[in-house]
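Visitor: sequence first, predicted model second:
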Amino acid sequence: MDKFMHLVCPVCSGKLSPENQSLICSHGHCFDIAGKGYVNLLLVGDKNSKEPGDNKDMVKARKRFLDKGYYEPLAKCLCTLLSQKLQDMNHDGIILDTGCGDGYYTDYILRNTLSDHTCFHIYGMDISKEAIRLAAGRNKDIVFFVASLFKIPFSGNSADFILNAFAPSYDPEFRRILKHNGILISVIPGRSHLFGLKSVLYEKPYENDEKGPDLPSFRHVDQVRVKDSIKLCSREDIADLLAMTPYYWKTPKEGIERLNKLTELETPVEFVVNVYSKQG
């Protein structure tokens, strides 16, 4: 099977077919496949800045942090959920990871869940070109592409699952892409997530509100909560954790200075995994 078969042209929505080292539609719109295997389908007119999404330093920090296994309990939970859903399926299937970042969860799922389901294919997309470059280096069997969440170049009614972890969501595109009764898995921070980090950064730390995404086209069917505690034992790990959070941009200078003095940090991590089914 052509592994690019579900990607469509971001200009005309026509089917993209591989030709040499490019993807080309019937109207002649052409997109090069990078040496690492990913393709950039983000049009200039769909960018919200010159280089949208996380920058090189942020995505490298996230990759270093995740590769050390700090969030592996969440990755295992996602694999368990998908395994349960896959047991009842006996046909080719598609998973799309929207906002995949450096591809940690995408790769983890393929290696630990889909290896027993060879008829399944997984795609990962992000608006950050730097993130997709790193993601593509993880696994050549995953199709990674650069695109906007608000205009996903993916065929309609084709995905069995969408994963949306710590990323913006967009109901109209999710509804268009998912098959009837398709499953959307959303991950948001739990109340106590990174409270130890926030206790250092802020004089009055606050809990997260656990407000889920706005998904009027979907019905909430399940929720799983993953709670753990992690201990960071180096300044590099502490700095990497900060760099991959919004607090990197929103913290007063005094809070950053307090954090920079630490050589160890212990904090709870809490993830809320919500499962939705497509309605109608």
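Guide: Yep, it's here.

Visitor: ok but residue 108 is inside a helix, no?
Guide: Yes. Looking at residue 108 with DSSP: H, G, I helix; E, B strand; the rest coil, it is inside a helix.

Visitor: close enough to count as contact, it and residue 77?
Guide: No. With contact defined as Cβ atoms under 8 Å, residue 108 does not reach residue 77; the gap is 10.8 Å. C-beta here means a position set from N, CA and C on the backbone, and glycine is covered the same way.

Visitor: where does pLDDT dip in the stretch 151-280 of the chain?
Guide: 280 (pLDDT under 70).

Visitor: which parts of it are strands?
Guide: 159-165, 178-189, 218-232, 265-278 (DSSP state E, counting those that start in this stretch).

Visitor: I'd like to know how far residue 179 sits from residue 158.
Guide: Between residue 179 and residue 158 the distance is 7 Å, computed by Cβ to Cβ, to the nearest Å.

Visitor: higher neighbour count, those two?
Guide: residue 158 (18 against 15; other Cβ atoms under 10 Å).

Visitor: for residue 33, find the nearest of the strands of the stretch 151-280 of the chain.
Guide: Checking those against residue 33 by Cβ to Cβ gives strand 159-165 as the closest, at 21.4 Å.

Visitor: residue 263 reaches residue 231, doesn't it?
Guide: No. Between residue 263 and residue 231 there is no contact under Cβ under 8 Å: 11.5 Å.

Visitor: for the closest residue to residue 53 other than its chain neighbours, give me the pLDDT.
Guide: Closest residue to residue 53 apart from its sequence neighbours, by Cβ to Cβ, 6 or more residues apart in numbering: residue 128 at 2.7 Å. With respect to pLDDT, residue 128 scores 96.

Visitor: looking at residue 108 and residue 77, which one has more neighbours?
Guide: Set residue 108 next to residue 77 and count neighbours by other Cβ under 10 Å: residue 108 wins out with 20 against 17.

Visitor: ok, that one - contacts?
Guide: Residues near residue 108 by Cβ atoms under 8 Å, 6 or more residues apart in numbering: 72, 75, 78-79.

Visitor: nearest to residue 175, of those?
Guide: residue 78 (21.6 Å).

Visitor: sec struct for that closest one, please.
Guide: helix.

Visitor: again with residue 124
Guide: At residue 124 the chain is in strand, as set by three-state DSSP.

Visitor: how about it, nearest residue that isn't a chain neighbour?
Guide: The shortest distance from residue 124 to any non-neighbouring residue, by Cβ to Cβ, 6+ apart, is to residue 100 (3.5 Å).

Visitor: buried set for stretch 181-192?
Guide: 182-190, 192 (16 or more other Cβ atoms under 10 Å).
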